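Colleague: My questions concern the predicted model and sequence given below.
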Amino acid sequence: MTVSCSVARRRGARRWPVWGAVLSAALAVVPLSLGLSSVVQAQSTLPALGDAAAADLTVGAERRLGDRIMREIRRDPDWLDDPLLQDYLNSLWQPLLTAARARGDLSDDQQTHFALQAFLVRDRSINAFALPGGYVGVHLGLIALTSSRDELAAVLAHELSHITQRHIARNMASSRRQSMLSVASMIVGILAASRSQNADVANAVIVGGQAAAVQGQLNFSRDMEREADRVGFGVLDTAGYAPDGMASMFDQMQFASRLNDSGQFPYLRTHPLTSERIAEARGRLGTGADRKAAAASTQWLHAAMQGRARAWMDGRTQTLARLSGGGVPSAAAAAQTPQALATACAAAVAATRLKDWRVADAALARARALATPQGEAVLRVVQVLQVESLLERGQAVEAARVLSIGVLDGSRAGLLLGARLATLPGSEAALVSRTREELQTWVALHADDAGAWLALAQVNERLGAPLAALRAHAEARFAQGDLSGAVDRLRAGQRQARSSGAVESMESVIIESRLKVIEQQRRIEMEQERNGSQN
């Protein structure tokens, strides 16, 4: 979806631009129109614009640009690593990647070099956007709006198609071959301006000088939108999602925006829905494969995720109070429907954030009663909410009991909750040691999981293993793309090992080895930035 140039409220009186605003301005020199627009027939023989992707920006250079942008995004508190929501997003994203590979949409170079990752942004606006190098951002407001997994998957398929067809590279080529370094530097500068206490200054940086560039690329952007719609529909269908996901998504946004936009629909402000676009989306339904309706459990799982997204996308007290319902169940909440589960999950999270334990317990009991008949995946969501609520109250024993039930075994959410439990004062040594072993096994298989590395660092600190903790902190920084931060922590570990006489320890040897590798990688990156390399 197209990112917006509006400035939203943030944290009290301080106003921060939403991520969409920042990225829209930064990429105006390489204008990206990343919205869902009218979809042409899936079996159309229109040529792929990506077939002639500009040689001016190789896939490797595009990935480096994307990594630099993501490094800034991960520093912002609105970047969200929520195990439940991220796992759910990944469960929709991975089948789309598989479908794109099967269709031949993903080139070998893209599969080798691009990140091909979807991430979450804690913002209530209805938006999603693609970035250079294979990254796709999804606002929690979008998850909260969608009424099914197929609608959310339709947006992801569209954004993925912008990536596979190399629309970013084509836009950059058409913008007189801006160097990767100059574009990245502009993005970093705007991100820094967005943190200014003066919202007018941030707005001036974002808006100034960009309108002409956007207008100059408008027609080209429409071509890209048509292609992303065409390719995206094919990917959505091949992945096994309901073909009507795109059409129903249009209906959802049109209906909601008629009631009240209030600046929450960046996509609709830049790409207004038309009857023609909706008609084309509906006309395509006959071209999709016939398939049985998705299992009912998928609808319940999506509803549970909707509820969680609603409670995390807006932390204002009045919003949380409204979601918690003050402990008084409405008629809708009392129904035996997926939306009743969404309401209960939202109330449980909101009440926990407000530390209203009476309301939280009532909402959790309601959510558990609704989720239990729907299978383990749905019940797992409620169990996470319950453990989180107990940990917020300091009820470690009860939290450990709930974790021991086993529904969360093997899941990332269960692992990180267990780590949080293990770091509490008074935790049994056996629990802490077992948790460290589980985390070490996990990061060995998922070396790019910064959250797990941070949890491992905290557990190592709890066990009195400072070298192991420093190394884990360094790996977390490396996973986030912060090579300088990783080097700083590894050097600190190196100094500590020498001062303590532990230079021959296994952890010290690992630190020395990793330091050499990461320093070399950082030197290469710095050289590329100095040269403004496009190769």
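Modeller: Yes, it's here.
Colleague: Ignoring the adjacent residues along the chain, who's closest to the residue nearest the centre of the chain?
Modeller: The chain has Phe119 as the residue nearest its centroid, 1.6 Å off, counting by CA atoms, centre = their mean. Spatial nearest neighbour of Phe119, chain neighbours left out: Gly137 (5.7 Å); criterion: CB to CB, 6 or more residues apart in numbering. The C-beta positions use only the backbone N, C-alpha and C, and glycine is treated the same way.
Colleague: Dig out what the one you found forms beta bridges with.
Modeller: Using DSSP bridges, the bridge partners assigned to Gly137 are Phe119, Phe129.
Colleague: Isn't it up against Ala128?
Modeller: Yes. With contact defined as CB atoms under 8 Å, Gly137 and Ala128 form a contacting pair (6.4 Å).
Colleague: for the chain, which spans come out with low pLDDT?
Modeller: Applying pLDDT under 70 to the chain flags residues 1-56, 173-222, 256-281, 284, 286-294, 326-334, 532-535.
Colleague: Please enumerate the strands of it.
Modeller: Using DSSP state E, the strands of the chain run over residues 7-9, 15-17, 79-80, 117-121, 128-131, 135-139.
Colleague: quick one: buried residues of stretch 441-453?
Modeller: By neighbour count on 16 or more other CB atoms under 10 Å, the buried set for stretch 441-453 is 442-443, 449-453.
Colleague: how about those in a markdown table, adding distance to Ser500?
Modeller: As requested, those are exported to a markdown table (distance: CB to CB, whole Å):
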| residue | distance to Ser500 |
| --- | --- |
| Trp442 | 28 |
| Val443 | 24 |
| Asp449 | 29 |
| Ala450 | 27 |
| Gly451 | 29 |
| Ala452 | 26 |
| Trp453 | 23 |
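Colleague: Please identify which two of those are farthest apart in space.
Modeller: Farthest pair in the buried residues of stretch 441-453 (CB to CB) is Trp442 and Ala450. Separation: 12.3 Å.
Colleague: And stretch 119-136, how far out from the chain middle?
Modeller: 6 Å (CA atoms, centre = their mean, to the nearest Å).
Colleague: try stretch 81-92
Modeller: Computed by CA atoms, centre = their mean, the chain-centroid distance of stretch 81-92 equals 8 Å.
Colleague: cool, and stretch 132-142?
Modeller: 6 Å.
Colleague: Check the separation of the first and last residues in that stretch.
Modeller: 21 Å (CA to CA, to the nearest Å).
Colleague: what about stretch 128-140, how long is it end to end?
Modeller: 9 Å.
Colleague: where do the helices sit along the stretch 351-500 of the chain?
Modeller: 357-371, 376-393, 396-403, 412-422, 429-445, 450-462, 466-479, 483-500 (DSSP state H, counting those that start in this stretch).
Colleague: and the first one, what does it pack onto?
Modeller: With contacts defined as 3 or more CB pairs under 8 Å, 6 or more residues apart in numbering; DSSP states H and E, the secondary structure elements packing on helix 357-371 are helix 296-312, helix 317-324, helix 338-354, helix 376-393.
Colleague: Switch the helices of the stretch 351-500 of the chain over to JSON lines; also include distance to Asp78.
Modeller: Formatted as JSON lines, the helices of the stretch 351-500 of the chain follow (distance: least, CB to CB, whole Å):
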{"stretch": "helix 357-371", "distance to Asp78": "25"}
{"stretch": "helix 376-393", "distance to Asp78": "20"}
{"stretch": "helix 396-403", "distance to Asp78": "27"}
{"stretch": "helix 412-422", "distance to Asp78": "20"}
{"stretch": "helix 429-445", "distance to Asp78": "25"}
{"stretch": "helix 450-462", "distance to Asp78": "16"}
{"stretch": "helix 466-479", "distance to Asp78": "19"}
{"stretch": "helix 483-500", "distance to Asp78": "20"}
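Colleague: For Ser147, see how far away the closest residue in space to Leu417 that isn't next to it in sequence is.
Modeller: Using CB to CB, 6+ apart and skipping residues adjacent in sequence, the residue nearest Leu417 is Val387, 5.1 Å away. As judged by CB to CB, to the nearest Å, Val387 and Ser147 stand 28 Å apart.
Colleague: Who has more neighbours out of the two?
Modeller: The neighbour comparison of Val387 against Ser147 (other CB atoms under 10 Å) goes to Val387, with 25 against 18.
Colleague: quick one: the more buried one from Thr352, how far?
Modeller: Val387 is 11 Å from Thr352, by CB to CB.
Colleague: what does Leu96 give?
Modeller: 33 Å.
Colleague: same thing with Val231?
Modeller: Distance from Val231 to Thr352, by CB to CB: 42 Å.
Colleague: next one: Pro83
Modeller: 16 Å.
Colleague: So between those two, which is more surrounded?
Modeller: Ranked by neighbour count (other CB under 10 Å), Pro83 and Thr352 place Thr352 first, with 26 against 19.
Colleague: How about the contacts made by that one?
Modeller: Contact analysis of Thr352 by CB atoms under 8 Å, 6 or more residues apart in numbering lists 360, 385, 388-389, 392.
Colleague: Determine which two of those residues are furthest apart.
Modeller: Checking the contacts of Thr352 with CB to CB, the most distant pair is Leu385 and Glu392, at 10.7 Å.
Colleague: ok and the lengthiest helix in the chain relative to helix 450-462, angle-wise?
Modeller: Criterion DSSP state H: the longest helix present in the chain is helix 506-531. In terms of direction (axes from the mean of the first three to the mean of the last three CA atoms, to 10 degrees), helix 506-531 departs from helix 450-462 by 140 degrees.
Colleague: from the middle of its chain, how far away would helix 506-531 be?
Modeller: Worked out by CA atoms, centre = their mean, helix 506-531 lies 27 Å from the chain centre.
Colleague: Ok, stretch 379-399 next?
Modeller: On CA atoms, centre = their mean, the centre of stretch 379-399 falls 24 Å from the chain's centre.
Colleague: residues of that stretch that come out buried?
Modeller: 379-391, 396, 399.
Colleague: Give me the contacts around it.
Modeller: Looking at what lies outside stretch 379-399 - CB under 8 Å, 6+ apart - the contacts are 83-84, 301, 304-305, 308, 345, 348-349, 352, 355, 357, 360-361, 364, 367-368, 371-372, 402-403, 405, 407-408, 411, 413-414, 417, 420-421, 424, 426-427.
Colleague: which of the residues you listed are buried?
Modeller: 83-84, 301, 304-305, 308, 345, 348-349, 352, 360-361, 364, 367-368, 371, 402-403, 407-408, 411, 413-414, 417, 420-421, 427.
Colleague: Please name the residues that touch the residue nearest to Phe119.
Modeller: 19, 23, 73, 118-121, 128-131.
Colleague: okay if I get these as a markdown table plus distance to Leu160?
Modeller: Shown next, in a markdown table, are these (distance: CB to CB, whole Å):
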| residue | distance to Leu160 |
| --- | --- |
| Trp19 | 19 |
| Leu23 | 17 |
| Ile73 | 18 |
| Ala118 | 9 |
| Phe119 | 13 |
| Leu120 | 16 |
| Val121 | 17 |
| Ala128 | 11 |
| Phe129 | 12 |
| Ala130 | 8 |
| Leu131 | 12 |
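Colleague: quick check, nearest of these to Met224?
Modeller: Ala130 (10.6 Å).
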